[in-house]
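**Q** next comes the sequence, and after it the predicted model I'd like to discuss.
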Amino acid sequence: MTQSMTGYGKSEVTINDSTVVIEIKSLNSKHLDVSVKMPAVYKHEELAVRKLLAKKLFRGKVEVCVFVDLTKSSSEHIINSSVIKNYYKQILELNKDLNISKNHNVVSTLMRLPNAIIKNTQSLDEKSWSNIYLGVEKALDNLILFRSKEGKELEKDILKRLNNISNYLEKTPDLANKKINVLKEKIKEKLLNLDGLYDKSRFEQELLYYLEKQDINEEVVRLKAHVKYFKETLSIKGPKGKKLAFISQEIGREINTIGSKVGEVNIQKTVVEMKNELEKIKEQLLNIA
């Protein structure tokens with residue numbers, strides 16, 4: 001199964017009078033890069049969330065958001081009594097040290113100080129966290145489903161372009177042989193004009209060397225093997241994007257060699273078409289996990 005690296009998954013878990021919403025988004029990345037956003041009071045569980053993701057994801061820039069959506073029956077903010085008491089204690093000490101009379105508006109002042117009023121983020125017990133982990137797994141499964149659907153479309157497009165390369169490749173040996181035959185005929189004509197005034201043995205060696213340089217059979221065989229290996233790798237389960245990228249480099253190397261060996265116009269056109277298809281494949285590979 002081929003997976004794209006871009007995707008989105010979401011789930012919701014109801015705990016007491018609150019709804020915990022889990023969202024997971026992923027984008028392209030060479031490695032697995034996970035960031036977790038959750039209320040500070042829950043940060044101690046971040047490592048466990050990361051481990052859950054690492055079990056099923058291998059590549060991609062992944063962002064996990066866990067937030068609590070309080071119901072209307074719950075107060076969204078509460079007074080942080082311990083902080084206010086500490087502020088008040090310090091004010092009393094300051095009044096005593098500076099001999100300042102008490103201010104009756106001290107309460108309204110205290111309420112405006114940092115962290116005097118906080119969001120009503122409830123602490124969660126072990127059972128509640130177990131439910132949240134299930135929610136993370138569900139959001140992760142939804143993300144993988146999304147990535148798999150997109151991956152299927154990517155795979156379909158890549159296979160189409162690989163088949164195009166194979167079709168172009170089938171034409172190259174015949175075109176190359178025609179080119180060689182034309183060269184042979186031209187050489188024969190020139191030899192007839194020389195009236196035998198040349199070293200036949202040396203000439204045959206030079207001709208053989210020249211024709212070998214024009215021969216692309218080895219490159220064609222290797223290119224076919226690379227295309228076959230690419231298709232086999234594409235069909236396996238698990239991460240494959242990096243491996244496919246390496247194979248595509250080998251495909252490109254053989255195409256370039258064919259183009260540099262044979263300067264025949266029609267072969268050059270075929271090489272350009274194969275390069276064009278390969279570039280589109282490489283673009284798609286950037287998004288495969």
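**A** Now that the structure is in, tell me what you want to look at.
**Q** and stretch 117-133, average pLDDT?
**A** Stretch 117-133 shows a mean pLDDT of 73.
**Q** and for stretch 63-74?
**A** Here the average pLDDT along stretch 63-74 is 74.
**Q** same question, stretch 179-187
**A** 71.
**Q** if you count neighbours, what's buried in that stretch?
**A** 179, 180 (16 or more other C-beta atoms under 10 Å). (Glycine included, C-beta is placed from N, CA and C.)
**Q** return it as CSV; C-alpha atoms alone will do.
**A** Only the C-alpha atoms of stretch 179-187 are listed here, as CSV (Å, rounded to 0.1, in the frame of the first residue of the first chain):
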residue,chain,number,x,y,z
LYS,A,179,21.2,4.9,-37.5
ILE,A,180,24.0,2.3,-37.5
ASN,A,181,22.9,0.8,-40.9
VAL,A,182,22.9,4.3,-42.4
LEU,A,183,26.4,4.9,-41.1
LYS,A,184,27.6,1.6,-42.6
GLU,A,185,26.2,2.5,-46.0
LYS,A,186,27.9,5.9,-46.0
ILE,A,187,31.2,4.3,-45.0
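**Q** element containing residue 20?
**A** Using DSSP states H and E, the element containing residue 20 is strand 18-27.
**Q** what residues does that strand touch?
**A** Residues outside strand 18-27 that contact it (C-beta atoms under 8 Å, 6 or more residues apart in numbering) are 5-14, 53, 57, 60-71, 74, 122, 131-132, 135-136, 138-140, 142-143, 147.
**Q** what strands line up against that strand, and which way round?
**A** Note on strand 18-27: by DSSP bridges, its sheet partners are strand 7-15 (antiparallel), strand 60-70 (antiparallel).
**Q** so for residue 279, which of the ones you listed sits nearest?
**A** strand 60-70 (22.7 Å; C-beta to C-beta).
**Q** buried set for the closest one?
**A** 60, 61, 62, 64, 66, 68, 70.
**Q** contact partners for the first one?
**A** If I follow you right, that is residue 60. Contacts of residue 60 (C-beta under 8 Å, 6+ apart): 5, 6, 26, 27, 28, 29, 32, 33, 289.
**Q** show me what contacts the second one?
**A** Contacts for residue 6 were tallied using C-beta under 8 Å, 6+ apart; they are 26, 27, 28, 60, 147, 150, 287.
**Q** in TSV, list the residues you listed along with distance to residue 92.
**A** Converted to TSV, these look like this (distance: C-beta to C-beta, whole Å):
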residue	distance to residue 92
26	53
27	54
28	58
60	55
147	59
150	63
287	63
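**Q** distance to residue 167 added to the strands paired with strand 18-27, as JSON lines?
**A** Converted to JSON lines, these look like this (distance: least, C-beta to C-beta, whole Å):
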{"stretch": "strand 7-15", "distance to residue 167": "33"}
{"stretch": "strand 60-70", "distance to residue 167": "33"}
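**Q** of all those strands, which lies closest to residue 274?
**A** Residue 274 lies closest, by C-beta to C-beta, to one member of these: strand 60-70, at 29.9 Å.
**Q** would you map the helices across this structure?
**A** 46-56, 81-98, 106-111, 126-194, 200-214, 217-234, 241-261, 265-285 (DSSP state H).
**Q** could you dump those helices to CSV with distance to residue 39?
**A** Shown next, in CSV, are these (distance: least, C-beta to C-beta, whole Å):
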stretch, distance to residue 39
helix 46-56, 11
helix 81-98, 17
helix 106-111, 22
helix 126-194, 12
helix 200-214, 70
helix 217-234, 42
helix 241-261, 34
helix 265-285, 38
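**Q** lowest mean pLDDT across those helices, which one is that?
**A** Across the helices of the chain, the lowest-scoring stretch is helix 200-214, with a mean of 68.
**Q** since we're on residue 160, how many residues are nearby?
**A** 12 (other C-beta atoms under 10 Å).
**Q** ok, it to residue 1 distance?
**A** 18 Å (C-beta to C-beta, to the nearest Å).
**Q** could you do residue 98 as well?
**A** In terms of C-beta to C-beta, residue 98 sits 72 Å off from residue 1.
**Q** so which of the contacts of residue 6 comes closest to residue 44?
**A** Among the contacts of residue 6, and counting by C-beta to C-beta, the member closest to residue 44 is residue 26, at 24.4 Å.
**Q** now do the same for that closest one: its pLDDT.
**A** For residue 26, the model assigns a pLDDT of 98.
**Q** sorry, back to before: between the strand holding residue 20 and helix 126-194, how big is the angle?
**A** Counting by axes from the mean of the first three to the mean of the last three C-alpha atoms, to 10 degrees, strand 18-27 lies at 10 degrees to helix 126-194.
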